[in-house]
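*Asks:* A structural model of the following input is requested.
(one chain, ligands or ions: 3)
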Amino acid sequence: MRPFNDSVIYFAVVDRFFNSDPANDNGRSPEAFDASQTDWFKYWGGDLGGMIQKLDYLKELGCSSVWLTPLFDQADGLVDVEGRGIAAYHGYWAKDFKRLDEHLASSPEDIRLFASKNTIVDRLVAEMHKKDMRLVLDIVCNHSSPARRPDVGGGPVKGEIYDDGKLLTSYDDDKLGWYHRNGGVCDWDNKGQVETSELCGLADFNESHIGYRTYIKDAMRLWLDKGVDAFRVDTVKHMPQWFWQEFVSDMVFHRPDLFIFGEWFQGGCFDPLSVQFANKSGMGMLDFGVQRGLEDCLARGNEQGFALLDKVFSLDHLFDDTRHLVTFIDNHDMPRFMSSGAAPARVDMALAVILTCRGTPCIYYGTEQYLHNDTNGGADPYNRPMMEKWDTGTPAFKLVKNSPGCAARTRPCSTAASAGSSCPPTFTPIPACTAPIAVSPFSTGGRKPRYPWRA
Ligand SMILES: [Ca+2]
Ligand SMILES: [Ca+2]
Ligand SMILES: [Ca+2]
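*Replies:* Ligands and ions are numbered 1, 2, ... in the order given. Model prediction:
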């Protein structure tokens, strides 16, 4: 597997980035779209044409890779959660891994993307490769979609799965035996239960079924054949390690230069199981340790200053290869850095850290514009505003693009920035730092973690 650490990743929630075509906004379920962009739980119109139009902006920013939220065809309509209708605008409730969601494109040929070689995905990949940029596809193997409440019509049927439009199975009529039927996770410290029970009511795939494994791996190989350069893998904590080892082996056999990194929610150096995953699964991992350390000192202003971040870097030896870690300051599953208390200058400082430390930095869309909405503390979904500005002159934009030693475009030629180790003792000792650092593992104490709607 080829590390991506010569790259800076830009992570965009496609629905919230740029709307190039109002004709596809309604999709198959107009009730799931909100043209006023005030209902945060519905589609707002962003599409792949919008991504293509903004590639030059991302290229100028210096981001050489773009991670897009999942592109698979999503469950249509609204899911009713506690009286609120929620659409699959985020992309994490797939129903057909071999089709493109209809909100993202405009023609039937685009939707059946593997039946043609001139679809919008082909054009996106071609444009990116022409600009020496790489496409990171967000994939989900753990689950499909949640149920609608029986008295709310029009929403998705739980766990309906299609193969290029042909219905294969569903949770309620699971002819194929592709789903676990263990109910929801109750004990979050029980590894087996976390892997084989449901997360937020999402139909949980039974990875022991060879038919399911064949389907999901065939689908992902098709996406690789379209030119996808890397996978970001959702909810890796919720499937057993043997599945990931098999999956990674098969994908890398198909594409030897493929980079894969996984989301072990809140994983990092303080969570031994996540460290084991990072060292044994064959894929890299999102580094929640660095995120937590940065948030602690630069957003929340903890009086211990950089002590937690110092501790994180001091534990780098736990990982076989820290180049495979993907660093970030915030993402779509937590409040944005500014919503956590950071002034713009602190955002700049945090960006400077991830742009210069080990691993591959990943910038959440809009950070370079100081985009944030602090409703409900900026928690999901308020951390996913519509991208509003494309100013190439903000300090954050210029920092990513130009700052000596931190510039995104210097990483490919700066081994020190992209692969060098960190040296914790360089932080100046201050009295507060000499006190024992309250480093607790990310244990949930058996309670359900606050997982986002999309989960
Ligand atoms: Ca649109
Ligand atoms: Ca759909
Ligand atoms: Ca599972």
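
*Asks:* ok, and the closest non-adjacent residue to the closest residue to ligand 2 within the stretch 201-350 of the chain?
*Replies:* Closest contact between the stretch 201-350 of the chain and ligand 2, by Cβ to the ion, is at residue 219 (15.5 Å). Just so you know, the C-beta spots here come from the backbone N, C-alpha and C atoms, and that holds for glycine as well. If the residues on either side of it in the chain are set aside, residue 219 comes closest to residue 97, at 3.8 Å by Cβ to Cβ, 6 or more residues apart in numbering.

*Asks:* list the contacts of the host helix or strand of that neighbour.
*Replies:* Here residue 97 is covered by strand 94-100, with elements defined by DSSP states H and E. Strand 94-100 has contacts (Cβ atoms under 8 Å, 6 or more residues apart in numbering) with 48, 70-76, 110-114, 119-121, 140, 144-145, 156, 160-165, 215-216, 219-220, 222.

*Asks:* equivalent analysis for stretch 218-228, please.
*Replies:* Applying Cβ under 8 Å, 6+ apart, the contact partners of stretch 218-228 are 97-98, 113-114, 121-122, 125-126, 129, 135-137, 139, 231, 250-251, 254-255, 258.

*Asks:* and the buried ones among those residues, selectable in PyMOL?
*Replies:* The PyMOL command for the buried members of the contacts of stretch 218-228 (criterion: 16 or more other Cβ atoms under 10 Å) is given here:
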select buried, resi 97+98+113+114+121+125+135+136+137+139+231+251+255+258
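
*Asks:* looking at the contacts of stretch 218-228, which are in helices?
*Replies:* 121, 122, 125, 126, 129, 250, 251, 254 (DSSP state H).

*Asks:* in terms of pLDDT, where does the last one sit?
*Replies:* Right, the one you point to is residue 254. Per-residue pLDDT puts residue 254 at 98.

*Asks:* quick one: contacts for it?
*Replies:* Shown in contact with residue 254 (Cβ under 8 Å, 6+ apart): 221, 224.

*Asks:* what's the spacing between it and residue 97?
*Replies:* 16 Å (Cβ to Cβ, to the nearest Å).

*Asks:* surely residue 198 is in contact with residue 180?
*Replies:* Yes: Residue 198 sits in contact with residue 180 when judged by Cβ atoms under 8 Å, with a separation of 7.4 Å.

*Asks:* overlap in contacts of these two?
*Replies:* Joint contacts of residue 198 and residue 180 (Cβ under 8 Å, 6+ apart) are residue 204.

*Asks:* how about the contacts made by the residue nearest to residue 191 when sequence neighbours are not counted?
*Replies:* With Cβ to Cβ, 6+ apart as the criterion, residue 191 has its nearest non-adjacent residue at 7.0 Å, and that residue is residue 273. Applying Cβ under 8 Å, 6+ apart to residue 273 gives the contacts 191, 237, 264, 267.
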